[in-house]
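Trainee: here's my sequence, what's the structure:
(chains A, B and C)
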Amino acid sequence: MFDICELCEPETLAEAKAIFRANPELKVIAGGTDVLIRMQHGNLAGAGLLSLRNIPHLDEIQLLADGTISVGAMAPFTRIFEHELIRKHVPVLGEASVSMGGPQVRNVATIGGNLCNGAVSADSASTLFALDALLKLETAEGERIIPMRDFYAGPGKVNLLPGELLVAILIPREGYEGMGGHYIKFAPRKAMDIATLGVAVVCKIRENRFVELRIGLGVAAPVPVRCFEAEAYAKGREVTWECVQEIARLALKPAKARSSWRASKDYREHLIEVLAQRAVAEAVKRGGGCCAD
Amino acid sequence: MLTKNAAGVKARKRLCMTVNGRAVEIEIDIRESLLDVLRDRLQFTGVKQGCSVGECGACTVLLDGTPVNSCIYLAAWAHGKTVVTIEGLAQDGKLTPVQEAFVDEGAIQCGFCTPGVVLSTTAMVDSGKCFTHDEVRRELSGHLCRCTGYQKIVDAAERALREAEIAADEHPV
Amino acid sequence: MIGASSPRKEGRAKVLGTAIYTDDKFMPGALHGLTVRSEVPRGILRAIHFGEGIPWEEFTLVTAADIPGTNLVASVVDDQPFLIGIGEEITHSQQAVLLLAHADRHLAEKARRAVRLEIEELPAVLDIQSSLDLQPLIYGADNLLKEIRIAKGDPDPVWAQAAHVIEGEYRTGAQEQMYIEPNAMLSVVEPKNGVLQVTVWGSLQCPYYVHGALKQLFGLPEKQVRVVAMEMGGAFGGKEDYPSVNGGHAALLAWKSAKPVRLIYDREEDLACTTKRHPSRTRLRTAFAADGTLLALEADFILDGGAYATLSPVVLSRGAVHAASVYRCPHVRIHARAVATNTPPPGAFRGFGAPQSLFAMERHMDICARKLGLDAVELRRKNFLRMGDTMATGQVIREDLDLAGLMDRALTAIGYRDKRAAFALTNPEDGPIKRGVGFSVFMHGCGFTGNGESHVASVAGVEGLADGTVAVLAASTEMGQGKNTVFAQIVAEALQLPVELVDTAPVDTDRVPNSGPTVASRSTMMVGRILEDAAIGFKQALVQQGFLAEPYTPETFQAAVAKAVAALGSLRCYGQYHRPPGLQWNDVTYQGDAYPTYSWACYAAEVAVDLDTYEVKVADFVAVQEVGRVVNPTLAAGQIEGGVAQGIGWGLWEEVTMQRGRMVNNQMTNYIIPTAMDLPRIQVIFLENAHAGGPGGAKGIGELPMDGPAPAVVNALENALGALRLDEVPMTPDRLLERCEEVTHG
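Mentor: Model (predicted):
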């Protein structure tokens, strides 16, 4: 039994927004695989829940007219991983999706919930950062579209206004087109674990030069971060092994690693560099480049 | 204890779902998990509680054919849905091919993870898809087993998939 | 029949979901029981404060003051209370102080959170060294729960003369059994025929241990206590002695409330407060001749025994006896101690002390080989025990032992020589992946150590049922190991019947005799042997009483049994354990036959280490063992595969993190066991060498697979990475990074 004081199950998005506007203290629940676990541990005691599960079309994955891929916030990770559009256009998001939890969790956990709980370990977060994704947020009054980097306010905190719901994740064409990408989730086991570190890389290669490189890190700092210095360094440079190594060294810059039971600070920093190198090398390969010496 | 909010939303709900092929209509407490309802109210004790946090997979049931951890699934969400527990597989005491495979391959030791794993394997077989050895291990990775080291469980799943493929070849739809 | 992979007796029920585990038992009107525990590792309990907002008058509450009989858990040493009373000393975090029960589980949880314990804290001992240093003194005169000395010959003169003396220190961490079914108890205490009857149904390995504990707790005679073993979702030793505690707690609540009680632990509580594998520290000193002959061995073997003795004396015993592993050594001194700390008492976990001491010795042998400039295989081969040799306790090897053959078999199966040669070429190259192969050779004593079996004097029997089938009467419990099936096969073989005609009586102390606990790799060999005798006696009774003529067919046998039961009302035949002639053990000098026999094994592991991430992957694993006779090949292989998985987990991933004397990573998310994606295929090979003392020649296998994997994996790590300080398990990536840096930074 969960310590819930009520469960609201609106059937339309409009209804949901209205309820949430009137009752901003409600806790939004999507797949429940985060909220309900937190409740088992005694958190969120006595919360009222606003469930989005009965609202149609919130889980759809579509290609919009302008080439943007829209992933409904309620799309479960299994759906994202298996979806043709994702496989074809944004396979790195599929990689991130299949890396979280285990099959039963992925069948229910949603990308929207994963982002909104604000956990820096969210496998989707660092990947969407690297994809320059936008988030479509709606209230009863209106909507706004913000970039990922404006979404995180601090560890476990996201910039949702009272009454605001995440409705869709938008990956613009420039975010994914012609890119090679790779997501590495580093965790103690090959399944079930929360990431000790997440590294997401997308890059565009032309004539074996970096046209563009984007690196998103999860669990390297209190919030997901982009490695802007490393990205700036790469722009225009020839893809060589030395270049990749330097990119990886620079990727460490925004990191503020902490020690925990999962890994010590030293180990984490070491991992960031090593895994950034690997992720970049693989993303380059998938982008049609080659970093032989 | 339970308070209604300003909107006057109630704490109990009428839940209509199909469990193991039978229509079920009960009034539930919105606080109940699907596991609570299946075990405590409907006496489907084949659904096991191992960890309560969606980690071990012992509570797995098929929801509209998809394996989910019932311990972190609100009972209310099963409204209008089809649930299959381990008790819903065998018909008139006749084991399904997946169940037979588990028995024959020695994939059962203490049996506590068995209902969940059998259901996930059933979902794999019913999907009609092909799975590599690594993919089989991945599909079963949401089930923790402490007794078997997974070896015979994977053997049983691969056997069930093979047998289903052969059966499909012999009786193409 | 013995040797056949008869299908698991209760397999059908398990795959149908109809097998009844403790929490599945329908008990209408039952209260939900919960336990309030100390979060302080040591102190004096001053008061229990009941918070506001809870209708306490609706609750059943039990404290130490309520206990009708003796507030001590019957065990090896009766030093552990069921509940701590006001003014008494809390000796470990998670110690039980108050029991509460209510019909509404949700409210009961809320109530538990509303209780505040007032404890005046005292300085606590939280590690082995502090305990040895008496900083402070917390138990007896010297913080020792148990001390054992084993002496053979005299090592002292040898150190100076030997060509090489090599020392090492090895540590192993605690390990959680992580049965998928948490500890669970149900109880009803009510008057029956004018006297109080205490009944407990539970997930428990040893119904008669719980029975004895309840008798003492309530001060009741044998017939007024009944314990029923339910289907068990795994145990591995974690439900060996702890059930006396939670069984007692459930019964106390049932007694006080006069209602049925369910005491079902959730995972977090189970991890934080129930028993674990003892952490260990072993210091070894070995003397070798120039040619690698082992001349002397000195072992200082220490276990962290937690706050009470519980099973530490016996775990220490087994660990001490196994400390010299499989080697011939003329001069041995083993000094074994279990020290007290203010932590939840450890207990039994598959292996029971042997994995700890064997890890040390098998790791040490590889290090010695390196330091001596000898091949690890040849160093072992030179020193293996053979028939006629004596072990550390003076036990003479009386069987035809071929450890070299066993080792060669395992090494061939994994491709040891070829792989070592190949890796020696590839490892020095650039690239982060380094590969290695390593192995361990070890044994596991079957049955209780020393005089244990004689003390228990197990009784088991065979009963005819009205339908002419036969039921096994034994207190042994099924926890997944296949006891139901194996016992049926043994009795079926003795009676020359198809196994379908033999089944197991419910394990209920009202119905079955005390055949001893389901532990110590004893069930097949010891209890199975008694059942063989009982079965033969049963048949003879049928013949002598004129119901059956020989030779017979299964049909005529079944008809005869049905007829006999109809005529006599019941027909049972019991057997009892008799120590085999020639076995002798002195518990004071620790000399003699520590075990009637041993199973022997060599395990080999191939690892791939990613030197960028320090992740270790076990790429291949071979388990070769000689177990006397394999009763059921499928079940036996399952035991080995599962044990190897647990051993690999212990070697690489499983770590109990303690803070303030309690486990803080007490969830399945942060105490991690391997998933299906983390383990390789395990190659299992059985060798047979029938042992006269076992049914059909069988020895024990339950614990054996736990002893070998950790040292094999860590030895493989050394092969992959070179001479690092690899002296501890779990060898997590963090620790591996640390050890690698030790070398680079001098």
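
Trainee: let me know the pLDDT of the residue of the stretch 401-550 of chain C at minimum distance from chain B.
Mentor: The minimum distance from the stretch 401-550 of chain C to chain B, using C-beta to the nearest C-beta, falls at residue C:480 (3.0 Å). In this view, the C-beta of every residue, glycine as well, is placed from N, C-alpha and C. At residue C:480, the model reports a pLDDT of 98.

Trainee: got it, and the one 4 residues further on?
Mentor: Confidence at residue C:484, expressed as pLDDT, is 98.

Trainee: one more: residue B:1?
Mentor: For residue B:1, the predicted pLDDT is 31.

Trainee: so what are the domain limits for chain C?
Mentor: Chain C resolves into domains spanning C:22-122+C:183-264, C:280-449+C:590-744, C:458-576 when parsed by automatic domain parsing.

Trainee: quick revisit: hang on, the residue of the stretch 401-550 of chain C closest to chain B packs against residue C:231?
Mentor: No - here residue C:480 lies out of contact with residue C:231, judged by C-beta atoms under 8 Å, at a distance of 9.5 Å.

Trainee: what's the closest non-adjacent residue to residue B:23?
Mentor: In space, residue B:23 comes closest to residue B:16 once its chain neighbours are excluded; the distance is 7.2 Å by C-beta to C-beta, 6 or more residues apart in numbering or on different chains.

Trainee: repeat that for residue C:646.
Mentor: Looking at residue C:646 with C-beta to C-beta, 6+ apart, the closest residue is residue C:706, at 6.0 Å.

Trainee: identify the residues contacting that neighbour.
Mentor: C:349, C:350, C:351, C:354, C:355, C:643, C:646, C:647, C:650 (C-beta atoms under 8 Å, 6 or more residues apart in numbering or on different chains).

Trainee: need the residues you listed in CSV with pLDDT, can you?
Mentor: Formatted as CSV, these follow (pLDDT from 0 to 100):
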residue, pLDDT
C:349, 98
C:350, 98
C:351, 98
C:354, 98
C:355, 98
C:643, 98
C:646, 98
C:647, 98
C:650, 98
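
Trainee: so which of those belong to strands?
Mentor: Judged by DSSP state E, the contacts of residue C:706 include no members of strands.

Trainee: can you tell me which of those residues are in helices?
Mentor: Among the contacts of residue C:706, the residues falling in helices (DSSP state H) are C:354, C:355, C:643, C:646, C:647, C:650.

Trainee: hmm, which two among those residues are most spread apart?
Mentor: C:354 and C:646 (13.5 Å; C-beta to C-beta).

Trainee: hang on, the earlier thing: just to check, the residue nearest to residue B:23 is in contact with residue B:22?
Mentor: No - counting by C-beta under 8 Å, residue B:16 stays clear of residue B:22, with 11.7 Å between them.

Trainee: wait, what's in contact with residue 116?
Mentor: Since no chain was named, I'll use chain A. Residues in contact with residue A:116 (C-beta under 8 Å, 6+ apart) are A:28, A:30, A:158, A:160, A:166.

Trainee: the chain in question should be chain C.
Mentor: C:48, C:49, C:51.

Trainee: low-confidence stretches in the chain?
Mentor: Defaulting to chain A. Chain A contains residues with pLDDT under 70 at A:261-262, A:293.

Trainee: looking at chain C here, not the other one
Mentor: Along chain C, the model assigns pLDDT under 70 to residues C:746.

Trainee: and the residue of it nearest chain B?
Mentor: Taking C-beta to the nearest C-beta, chain C has residue C:17 as its residue nearest chain B, at 2.3 Å.

Trainee: would you mind measuring from that residue to residue B:35?
Mentor: For residue C:17, the distance to residue B:35 (C-beta to C-beta, to the nearest Å) stands at 14 Å.

Trainee: which neighbours do these two share?
Mentor: Both residue C:17 and residue B:35 are contacted by residue B:47, under the criterion C-beta under 8 Å, 6+ apart.

Trainee: so residue C:187 makes contact with residue C:247?
Mentor: Yes - counting by C-beta under 8 Å, residue C:187 does reach residue C:247; the two are 7.4 Å apart.

Trainee: what residues are shared contacts of those two?
Mentor: residue C:200.

Trainee: residue in the stretch 401-550 of chain C nearest to chain A?
Mentor: residue C:432 (7.9 Å).

Trainee: who in the stretch 351-500 of chain C is up against chain A?
Mentor: residue C:432 (C-beta under 8 Å from any C-beta of the partner chain).

Trainee: narrow the contacts of residue C:116 to those that are buried.
Mentor: residue C:48 (16 or more other C-beta atoms under 10 Å in any protein chain shown).

Trainee: narrow the contacts of residue C:116 to those in strands?
Mentor: Per DSSP E, these map to strands at C:48, C:49.

Trainee: excluding chain neighbours, what is closest to residue 83?
Mentor: Just going to use chain A. residue A:61 (4.9 Å).

Trainee: oops, chain C please
Mentor: Closest to residue C:83 by C-beta to C-beta, 6+ apart is residue C:64, at 4.1 Å.

Trainee: what is the neighbour count of that neighbour?
Mentor: The tally of other residues near residue C:64 (other C-beta atoms under 10 Å in any protein chain shown) stands at 19.

Trainee: so who does it touch?
Mentor: C:71, C:81, C:82, C:83, C:84, C:85, C:86, C:88, C:97.

Trainee: let's see that with 10 Å instead.
Mentor: C:45, C:71, C:81-88, C:96-98, C:252 (C-beta atoms under 10 Å, 6 or more residues apart in numbering or on different chains).

Trainee: over to residue C:169?
Mentor: C:281, C:282, C:283, C:284, C:300, C:360, C:364, C:725, C:727, C:728.

Trainee: pretty sure the third one is in a strand, no?
Mentor: So the one you mean is residue C:283. Yes - applying DSSP: H, G, I helix; E, B strand; the rest coil, one finds residue C:283 inside a strand.

Trainee: tally of neighbours for it?
Mentor: Around residue C:283 there are 15 residues (other C-beta under 10 Å).

Trainee: please enumerate the strands of chain B.
Mentor: B:12-19, B:22-29, B:60-63, B:66-69, B:82-84.

Trainee: I'd say the residue nearest to residue A:83 and residue A:84 touch.
Mentor: Yes - at 8.8 Å, residue A:61 counts as touching residue A:84 under the criterion of C-beta atoms under 10 Å.

Trainee: circling back: just flag the most distant two among the contacts of residue C:706.
Mentor: C:354 and C:646 (13.5 Å).

Trainee: for chain B, which residue is closest to the average position?
Mentor: Per C-alpha atoms, centre = their mean, the C-alpha nearest to the average position across chain B is that of residue B:61, at 2.2 Å.
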